[in-house]
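Undergrad: just a sequence and a predicted model for now, questions to come.
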Amino acid sequence: MRSLQIRQFILRGAAAALCAATALSAPASVFQPQAMAASAAPARQATRAAAPAQPPVRLGVTRTITGVTVSAAELRLRSQAAPPVQPRQARQGRTAVAAARLAGVGLSGPLALPGGTSSAPSGPDLPQVPTDTIVGPTFVDSDFVPPDTMGAVGPTDFLFTENGVFRGFLKDAPHTQVFTTTDVAFWGGVADPAGVSDPHVRYDRSSGRWFITEIDVPNSDNNILLAVSSGPDLATASWSEFALPATANTAATDQHCFADYDTPGIDQNAIYIGANMFGGGQPPCGGGSYKHSNLYIIKKSSMFSGTANVTSFYSVVTGTVGIETIQGVDSFDALPTGYAVAVNESANPRTALDLWHINNPASLSPSLSGPVTVTISAETGPLGGVLSANNVASLDPTRGLDDLDDRLFAAVIRDGHLWTAHNVAVDASGNASAASPNRDAVRWYDLDLAGPTVHQSGTVFDGAANSYTNYWMGSIMPSGQGHVALGLNRAMSTTVVAAGAVGRLASDALGTMRGFSLIQNSTADKYDDASFNPNPTNRWGDYTYTSLDPCDDMSLWTTQEYIAGSLNPPSDWGVVAARLPAPPPATLAAADPNTLTVGLNSVSVVVTGTVVDGSGFYNTPDTLTDPCRKTISATVSNGVSVTGISYLDPTHVRLTLSTVAALGGTATITVTNPDGQSAAGALLALRELTFLPLMQK
């Protein structure tokens with residue numbers, strides 16, 4: 001029997017106040033999406049983002065870091081020889097931040113109660129109904145709490161990167177395991193011997209490589225760890241690994257500080273990583289409290305040749321009523337600039353997002369401008385903990401699950417719009433600035449970067465007067481079709497924690513999400529990490545991630561946490577990934593022309609379909625250059641050859657056909673979208689030529 005070891009990592013910023021038992025009780029009832037801020041612009045606006053007017057440009061400090069390359073075979077040997085990891089408790093400085101929240105005090109003044117505005121009627125279930133799940137690592141595989149819930153989909157594999165364990169599976173059933181290692185073994189001598197924390201993963205379809213980030217955890221002057229694979233196949237890929245110093249040797253460059261909570265974003269030019277800086281316990285960065293937030297820009301192409309050009313921007317922003325966590329932004333758009341975003345933490349309630357603009361990110365001297373503020377509906381953060389039935393069953397029945405603070409969980413740009421989400425607390429009307437909020441909710445944003453302005457926003461919350469459910473830990477992702485999935489957790493004091501998702505179609509009303517669909521329910525076991533965790537709530541999260549299939553540009557995958565069983569101490573988490581497929585192709589309705597003559601070398605036919613609840617034809621964009629790219633296709637029965645297909649719009653495709661070898665009769669046309677879903681219709685009449693005999697004179 002293996003020995004049980006626990007690692008309790010740093011409390012992520014202003015993590016959780018202990019939830020009030022009177023505010024979190026009774027069963028769930030109504031799900032309400034919320035329209036908060038909606039413009040009159042169309043739901044999808046595929047225009048390149050125009051750079052907004054920016055404040056003065058700021059230069060950073062650039063260094064070149066040499067990496068270490070490790071083969072797949074060496075990684076397997078490392079993992080087999082990895083020694084047990086010793087328990088790790090939260091650093092005192094981060095625990096003090098949570099204690100301040102419990103006392104109702106912000107980082108530099110009073111901290112008002114959380115809250116939001118507006119509401120909308122309930123919607124139907126998630127349009128992307130989960131069809132396939134991959135059960136990922138559990139606490140038994142890791143021995144670390146929390147997991148830092150993270151996973152992403154690639155061309156053939158799905159990779160989980162959790163605290164303590166990285167594990168990859170084939171994304172298609174039966175999901176054979178193809179990769180496994182401890183995180184300590186993965187980094188080897190690149191990381192500090194004190195250990196590592198906060199792993200993140202992305203598959204970058206513009207380069208066909210995996211990227212992993214993490215931090216190592218000496219008391220001060222730690223590194224942001226960054227690795228890039230040689231290719232998409234986890235079973236055979238080698239990795240180039242880098243230790244990027246988060247500090248330098250002066251007070252202005254954070255000497256003896258500690259960089260916490262790396263937040264990566266990636267585009268075709270660079271990797272953008274935010275970090276929250278804390279005191280490392282010695283001058284000039286004494287104590288253990290929050291100092292400010294930094295941003296690091298890594299030229300992506302430099303990493304492919306074994307070096308990393310990293311530009312550090314120190315003290316980019318300092319939150320005063322909360323920790324201002326800078327989130328790097330992923331982008332599918334081919335933009336010349338990069339972005340980072342955060343909730344503005346300069347006043348309570350919070351009424352804006354901060355948006356930074358990174359100029360020349362693919363160069364050796366990128367610069368930073370901003371922030372530009374984007375006005376949002378007022379909010380004052382989450383409730384301070386979510387009480388589930390798993391907690392009620394424990395020895396401390398009023399100690400809930402961590403809901404962190406109002407930091408953003410990932411951000412992504414698609415078609416000139418930036419999508420992101422975070423935790424807030426609301427009342428029964430969805431008001432995030434109410435005097436007495438009593439439930440947690442997930443607020444999401446769709447920013448039009450041409451402004452930048454809020455194009456639409458909404459809140460996922462339960463509008464019941466009593467017996468209401470909490471929603472938290474949301475991460476959002478749009479597809480190429482403009483459909484959206486938002487993975488999240490929900491729970492209340494009489495229900496176990498559920499992992500699931502909500503979503504919207506591109507055609508849905510602005511600001512709305514449809515209903516919750518369950519991915520994985522927790523067991524009924526108690527969940528309580530009090531034996532090793534001095535924080536006011538049980539550690540949960542610290543984040544989640546929702547990713548997009550790089551091959552079909554349609555299928556969305558979300559990675560969420562649940563309670564998998566009961567160990568001693570009872571903190572047996574699990575993570576699960578679910579595939580959320582797109583709606584099917586449009587229903588085939590007509591062909592023009594609908595009658596063809598047998599024997600034609602080439603003829604053009606336009607197929608018309610009708611839309612039913614988000615269905616439609618789709619083709620992956622030409623900008624998707626990953627070799628795994630899948631495209632729309634078609635077949636026709638009766639011996640008709642399809643020699644070409646052109647996607648016109650969601651209800652029309654043009655087929656180029658040859659009827660040279662065709663047989664007469666009614667032919668069925670089948671159109672298959674890149675994700676493999678098909679629609680068929682008997683739309684073509686094939687007419688054979690009839691030759692009359694010559695008349696004899």
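TA: Looks like it came in fine. Numbers count the residues shown, from 1 in each chain.
Undergrad: please make it C-alpha for all contacts and neighbour counts, starting now.
TA: Fine.
Undergrad: how about the secondary structure of Gln80?
TA: helix (DSSP: H, G, I helix; E, B strand; the rest coil).
Undergrad: shouldn't Ser71 be in contact with Ala235?
TA: No - under the criterion of CA atoms under 8 Å, Ser71 is not in contact with Ala235, lying 10.3 Å apart.
Undergrad: of the two, who's got more company?
TA: Using other CA atoms under 10 Å as the criterion, Ser71 and Ala235 rank with Ala235 on top: 17 against 14.
Undergrad: check which element follows whatever helix or strand Ile271 lives in along the chain.
TA: Using DSSP states H and E, Ile271 falls within strand 270-279. Using DSSP H and E, the helix or strand that follows strand 270-279 towards the C-terminus is strand 290-299.
Undergrad: helices and strands around the helix or strand just after that next one, which ones?
TA: Downstream of strand 290-299, the next assigned helix or strand under DSSP H and E is helix 300-303. Secondary-structure packing of helix 300-303 (3 or more CA pairs under 8 Å, 6 or more residues apart in numbering; DSSP states H and E): strand 270-279, strand 307-317.
Undergrad: quick one: distance of the following helix or strand past the longest one to the chain centre.
TA: Moving toward the C-terminus from strand 307-317, the first helix or strand encountered (DSSP H and E) is strand 327-328. A distance of 11 Å separates the centroid of the chain from that of strand 327-328, by CA atoms, centre = their mean, to the nearest Å.
Undergrad: which residues touch strand 327-328?
TA: 263-266, 271-274, 339-342, 408-411 (CA atoms under 8 Å, 6 or more residues apart in numbering).
Undergrad: again, but for stretch 167-180
TA: Under CA under 8 Å, 6+ apart, the answer for stretch 167-180 is 76, 79, 134, 136-137, 153-154, 156-161, 165-166, 181, 234-235.
Undergrad: identify whichever of the helices and strands packed on helix 300-303 lies nearest to Gln520.
TA: Nearest of the helices and strands packed on helix 300-303 to Gln520, taken as CA to CA: strand 270-279 at 30.7 Å.
Undergrad: contacts only, for the closest residue to Trp444 other than its chain neighbours.
TA: Nearest residue to Trp444, sequence neighbours excluded (CA to CA, 6 or more residues apart in numbering): Ala421, at 4.1 Å. Counting by CA under 8 Å, 6+ apart, Ala421 makes contact with Leu408, Phe409, Ala410, Ala411, Val442, Arg443, Trp444, Tyr445, Gly474, Ser475, Ile476.
Undergrad: neighbour-wise, which one of these leads?
TA: Gly474 (32 neighbours).
Undergrad: where does that residue sit, in terms of helix or strand?
TA: Here Gly474 is assigned to strand 470-478, by DSSP H and E.
Undergrad: residues in contact with that strand: which ones?
TA: With CA under 8 Å, 6+ apart as the criterion, strand 470-478 contacts 386, 403, 409-412, 414, 419-423, 439-442, 444, 460-462, 484-492, 541, 543-548, 556.
Undergrad: neighbouring strands - and their directions - for that strand?
TA: The pairing partners recorded for strand 470-478 under DSSP bridges are strand 484-492 (antiparallel).
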